[in-house]
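Enquirer: Would you be able to build a 3D model of this:
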Amino acid sequence: QFVSTGRGGLPPTPSSHLTGSTLLNDLGVWATIAGRETDFRTIQNNEPSVQEAQGWMVATNGKVHLTAAPANQASAGSFDRLLPAAAQAYTQADYAQAANLWEQALTASAPEDAVLRISILSNLALAYHQLGQWEQALEAIATSQQQLTPELANASPQLLAQHLSAQASLHFALGQTTEAINTWQQAAAAYGQAGDESGQRQALLNQNQGLQSLGFYRQAETQLNQLLSEVNSELSQAKLGEAELAEQTLAQTPSQMRAIALLRLGGIQRARGDQLAAQQTLEEAIAIAKTLSHPTITSTALLNLGHIARDSNNLEQALAYYQTSLETAPTPLGQVQAQLSQLGLRIDQNPTAAPRLWAEIEPSLQQQMGNLPTSRESINTKLHLAQILLQTDLAKTHSDSVTALLASALQQAQALTDPIAEGYAWGYQ
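Expert: This next block holds a predicted model:
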């Protein structure tokens, strides 16, 4: 007897196509400064002005930062500059700069301003994890949770939602997918309590990534169709064109959520073999992402279009998509995933050329591999490369490289306490 569990597919493994992941992060709806509220999800895309340094401060990690105002004159104006600039840097995948600016803001914040500090700490946790600085990330999210008292959580459900959203993102990066899904569900409930429908959809859209990671494609597709229906309705009611929405680049605008929803839907369509629908869906996601100047969505969609072309035996088109994805990707992980997709395809085309192809990219690729932040996705990327090498004679001629690669993946999996990733790493030994 066969029983339908509603899964709709199998979870991806390191041997699967590298598809990338894109999450929407809540970088703080408001900061209670001088009695004002500032919504950093709808702030305009203005370049921060360059000003002469008037002071300096020491951040929590010991770094010394120059400031636009004297250290003893932290003001609403200084936060007006630091927080939007940090959010902009994070959105553009400049995580080191984002962390730097949030550290300055945290140092300048008043100890009694718990709302602001909790919001900044949640953001710092996200930036640190993107940089692979897990000790700092976990410390920041723990401090945020410690300061978020039950009384404050009840009074500020929006703040609770932001904290939970950041916490879920950390769970997901650590490979704790079930915990991430449950925490995003809690975040969605908190957004709902706050009356923030956009934030609620954002949390559910992130949760959808977790569902796909566990192979629950049927459930994920149903959820995506519902989210797309709501987002399309909001876009229609707002009567805004893509050009106008593009001005709201720091926000999780309806348009941005629609682009990510389409990106996820295209992945599901490809997984079930509906290549034409998947291609059309991903091309639509790219069109929206370009109007928003969102390179992460664009490069991820291009990577998946390359997989569709490869599965359809349109190999030259696949290589072109992979190359454009490589050139567009704003992060080392995205760049490596595009390079490995190219390498795997070229070796499949001409196995005897494997030594030459590997020699051409090994020095730069090994350096990029060393710079990848520690996460489940990074580990799977390393194991994907190991599988490519193990399927060729390179496993014998470059055994030291393969051994070092697997040892690095195993060490990272153990550091994250990720038994699934650790199991795969041992399996390739």
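Enquirer: which ones are touching the nearest residue to Gln212 once chain neighbours are set aside?
Expert: Excluding the flanking residues, the one nearest Gln212 by CB to CB, 6 or more residues apart in numbering is Ala220, at 4.9 Å. C-beta here means a position set from N, CA and C on the backbone, and glycine is covered the same way. For Ala220, the contact set (CB atoms under 8 Å, 6 or more residues apart in numbering) comprises 8, 208, 211-212, 264, 268.
Enquirer: Can I get the buried part of the residues you listed as one PyMOL selection?
Expert: Burial among the contacts of Ala220 is assessed by 16 or more other CB atoms under 10 Å; the matching PyMOL selection reads:
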select buried, resi 8+208+211+212+264+268
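Enquirer: thinking again about what came up before, what about the residue nearest to Gln212, helix or strand, and which?
Expert: Here Ala220 sits within helix 217-238, counting by DSSP states H and E.
Enquirer: If you count neighbours, what's buried in that helix?
Expert: For helix 217-238, by 16+ other CB under 10 Å, it's 217-221, 223-224, 227-228, 230-231, 234-235.
Enquirer: quick one: Trp102 and Ile120 touch, right?
Expert: Yes - here Trp102 reaches Ile120: they are 5.3 Å apart, a contact under CB atoms under 8 Å.
Enquirer: Which neighbours do those two have in common?
Expert: With CB under 8 Å, 6+ apart as the test, Trp102 and Ile120 both reach Leu83.
Enquirer: Secondary structure class of the closest residue to Leu383 other than its chain neighbours, three-state.
Expert: The shortest distance from Leu383 to any non-neighbouring residue, by CB to CB, 6+ apart, is to Pro14 (3.6 Å). Put simply, Pro14 is coil when judged by DSSP: H, G, I helix; E, B strand; the rest coil.
Enquirer: tell me the contacts of Pro14?
Expert: So Pro14 contacts 380, 383-384, 386-387, 424, 428 (CB under 8 Å, 6+ apart).
Enquirer: any idea which of those is the one closest to Asn314?
Expert: Taking CB to CB as the measure, Asn314 sits nearest to His384 out of the contacts of Pro14, at 21.7 Å.
Enquirer: tell me which element that closest one falls in.
Expert: Per DSSP H and E: helix 376-390 holds His384.
Enquirer: Need the CA coordinates for the helix or strand that that helix is followed by. PDB is fine.
Expert: Using DSSP H and E, the helix or strand that follows helix 376-390 in sequence is helix 394-397. What follows is helix 394-397, C-alpha atoms only, in PDB (Å, rounded to 0.1, in the frame of the first residue of the first chain):
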ATOM      1  CA  LEU A 394      41.000  14.000 -11.000                       C
ATOM      2  CA  ALA A 395      40.200  12.000  -7.900                       C
ATOM      3  CA  LYS A 396      43.400  10.100  -8.400                       C
ATOM      4  CA  THR A 397      45.700  12.800  -9.800                       C
END
